[in-house]
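1. Predicted model follows, preceded by the sequence.
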Amino acid sequence: MFKKPFQTKTRSSLRVTGCRQLAQEARELFPSAWAPIGDESDTTLEAPMPDKLQSAKFTSYVGDRGEIIYSEAGSPLWVRTEIRGGGDATLVPTVYTQWRFPGVLPVVWTGVA
């Protein structure tokens, strides 16, 4: 009768192998995010998937499950969701990641109104 609240679990650090698998998956899905940005000799540039990551699992009020991937500083970078029990989890960049790395998703131009 009543909808269940959105639930998240506490964040935990991912293992190195888990970080590598996520980075590989993100590179395959979003290759333009890893394209060279500006001067390649600049070592201060970050990668869209840093070496140290944390994750927190969540369950929505309709039962969709997923995982939020955070940077070590606590910034949400990626979301992996399984929609309506479909089985396959989809990796999606957050708005924060798209802001930091504008080439993650293609630009869609619309006409003048």
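-> Everything's here; your move.

2. Summarise which helices and strands the helix or strand harbouring Ser55 is packed against.
-> Assigned by DSSP states H and E, Ser55 belongs to strand 53-59. Here strand 53-59 touches strand 7-8, strand 12-13, helix 16-29, strand 65-71, going by 3 or more Cβ pairs under 8 Å, 6 or more residues apart in numbering; DSSP states H and E. Heads up, the C-betas are built off the backbone N, CA and C, glycines and all.

3. and for the second one, what are the contacting residues?
-> I take that to be strand 12-13. Residues outside strand 12-13 that contact it (Cβ atoms under 8 Å, 6 or more residues apart in numbering) are 52-56.

4. Pick the one among those residues closest to Val107.
-> Distance ranking of these against Val107, using Cβ to Cβ, places Leu53 first at 27.1 Å.

5. buried ones in the helix or strand that contains Tyr96?
-> For Tyr96, the enclosing helix or strand under DSSP H and E is helix 95-100. Residues of helix 95-100 classed as buried under the neighbour-count rule (16 or more other Cβ atoms under 10 Å) are 97, 100.

6. who touches it?
-> Against helix 95-100 from outside (Cβ under 8 Å, 6+ apart): 46, 48, 75-78, 104-105.

7. related to what we said a few turns ago, closest to Leu14 among the contacts of strand 12-13?
-> Leu53 (4.6 Å).

8. Now render the contacts of helix 95-100 as CSV, adding distance to Thr94.
-> Below are the contacts of helix 95-100 laid out as CSV (distance: Cβ to Cβ, whole Å):
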residue, distance to Thr94
Glu46, 14
Pro48, 11
Ser75, 8
Pro76, 5
Leu77, 6
Trp78, 6
Val104, 10
Leu105, 11
